[in-house]
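**Student:** Sequence first, predicted coordinates after that:
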Amino acid sequence: MSSVPYPSMKAVSTERVSSDGGANPVEGEVVFKPVKAIWIGGMTAAALVAGPLTATPSAVAVFVILTAITICGGHSVGMHRLLIHRSFRTHRNIERFLVYLGVLVGMAGPFGMIRLHDFRDWGQRQPDCHDFFSHRSGFWNDAWWQLCCGINLKTEPRFTIEDDVANDPFYRSVEATWMAQQLVIAVPLYLLGGLPFVIWGVCCRVSVSLIGHWLVGYYAHQPKDHLLYIEGACVQGYNLPRLGLVTFGEAFHENHHAFPNSAKLGILPGQTDPGWWLVKTLERLGLAWDVKTPETLEARPGLSVNSGGGDRPEIGPFWLKTLPRI
């Protein structure tokens, strides 16, 4: 926990999370979540025990293909860039399909994903926040917190999901049954390839996806050299440049903190962003529009360039032309 006293600070609100009423992102208790722990622990145990016993080239191929589809099309594009940040628009049924792929990642339903993301984002934007939000409690402790626990804040903020999402019957249905949705994959996999396909296509995939998500989040918030800086935020994001391909662009977290509503996360030359490739493909097919990029967005308040000498000039409208090419 940070030693900075919170009461003297003014909490800022985000689009869905309101700080009205004295919401406090610092004071809270990390609590064990048995269902969460059993879900992740069970998938991981099955992967570790049965994975080596059932490994075949075809089963591993199923794992790779389904992981790429659900993480890229589902988690990164459907859940994160589309449902959470509205960085582009598409037809409602295409949106539902992409979000459903995100549900199949096995982390949460659509409402749970929005809440998980927005509460963390709200906490990180404050002058100070609990270590649960900032990933600064140490590697193993953070692993326990993020994979097996949750946080109960002393004073919760008000959280509101927009009506067109909250009242959508499809989203409401998969939110109530998101764990059971793995059967949609497990049954046909069993019919096609027996137990090896199920172990690798469900248990190994879900385990690697969830633990991998935590690992990227952990290392993307550990202080290191960076270019973009958000003045007044207690947590900065950092790019993990070598992981762009395997995270489908989600590793460019410094860029995302700077331009959270951008559909393009790999915003500088050499930054591999397969999720952006998918969005651009949809746009070229006429299936996506109103695609937001840093060039079309206003700079986030407090955003500046870390020049390396302590001087952080604010980013103006032509920031893409003035930023160093890294």
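**Tutor:** Good, I have the coordinates.

**Student:** From now on I want contacts and neighbour counts done on CA atoms only, so please keep to that.
**Tutor:** Noted.

**Student:** Low-confidence stretches in the stretch 101-250 of the chain?
**Tutor:** Nowhere does the stretch 101-250 of the chain drop to pLDDT under 70.

**Student:** so where do the helices sit in it?
**Tutor:** Secondary structure of the stretch 101-250 of the chain by DSSP state H, counting those that start in this stretch: the helices cover 110-124, 131-134, 139-148, 163-166, 169-176, 182-198, 205-219.

**Student:** Tell me which helix or strand comes right after the helix or strand hosting Leu278.
**Tutor:** Take DSSP states H and E as the rule and Leu278 turns out to sit in helix 274-284. Later in the chain than helix 274-284, the nearest helix or strand by DSSP H and E is strand 288-289.

**Student:** That next one: how far from the chain's middle?
**Tutor:** Relative to its chain's centre, strand 288-289 lies at 21 Å (Cα atoms, centre = their mean, to the nearest Å).

**Student:** What is it packed up against?
**Tutor:** The criterion is 3 or more Cα pairs under 8 Å, 6 or more residues apart in numbering; DSSP states H and E, and the helices and strands that strand 288-289 contacts are strand 89-90, helix 274-284.

**Student:** As JSON lines, those with mean neighbour count and distance to Thr296 would be great.
**Tutor:** Below are the helices and strands packed on strand 288-289 laid out as JSON lines (neighbours: other Cα atoms under 10 Å; distance: least, Cα to Cα, whole Å):
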{"stretch": "strand 89-90", "mean neighbour count": "18", "distance to Thr296": "15"}
{"stretch": "helix 274-284", "mean neighbour count": "18", "distance to Thr296": "15"}
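
**Student:** Pull the contacting residues for Tyr219.
**Tutor:** By Cα atoms under 8 Å, 6 or more residues apart in numbering, Tyr219 lies in contact with Tyr238, Leu240.

**Student:** Hmm, Arg16 and Pro157 touching each other?
**Tutor:** No: counting by Cα atoms under 8 Å, Arg16 is not a contact partner of Pro157; they are 9.7 Å apart.

**Student:** hmm, back to that, to Asn239, which of the helices and strands packed on strand 288-289 lies closest?
**Tutor:** Nearest to Asn239 among the helices and strands packed on strand 288-289 is helix 274-284; the distance by Cα to Cα comes to 15.5 Å.

**Student:** Pro157 and Arg16: who's more crowded?
**Tutor:** The neighbour count for Pro157 versus Arg16, taken as other Cα atoms under 10 Å, is higher for Pro157 (21 against 17).

**Student:** Once you drop chain neighbours, what's closest to that one?
**Tutor:** Ala23 (4.7 Å; Cα to Cα, 6 or more residues apart in numbering).

**Student:** same thing with Arg86?
**Tutor:** Asn261 (6.8 Å).

**Student:** Count the residues that sit near the one you found.
**Tutor:** Should you count by other Cα under 10 Å, Asn261 turns out to have 24 residues around it.

**Student:** Then Leu243?
**Tutor:** Counted by other Cα under 10 Å, the residues lying close to Leu243 total 17.
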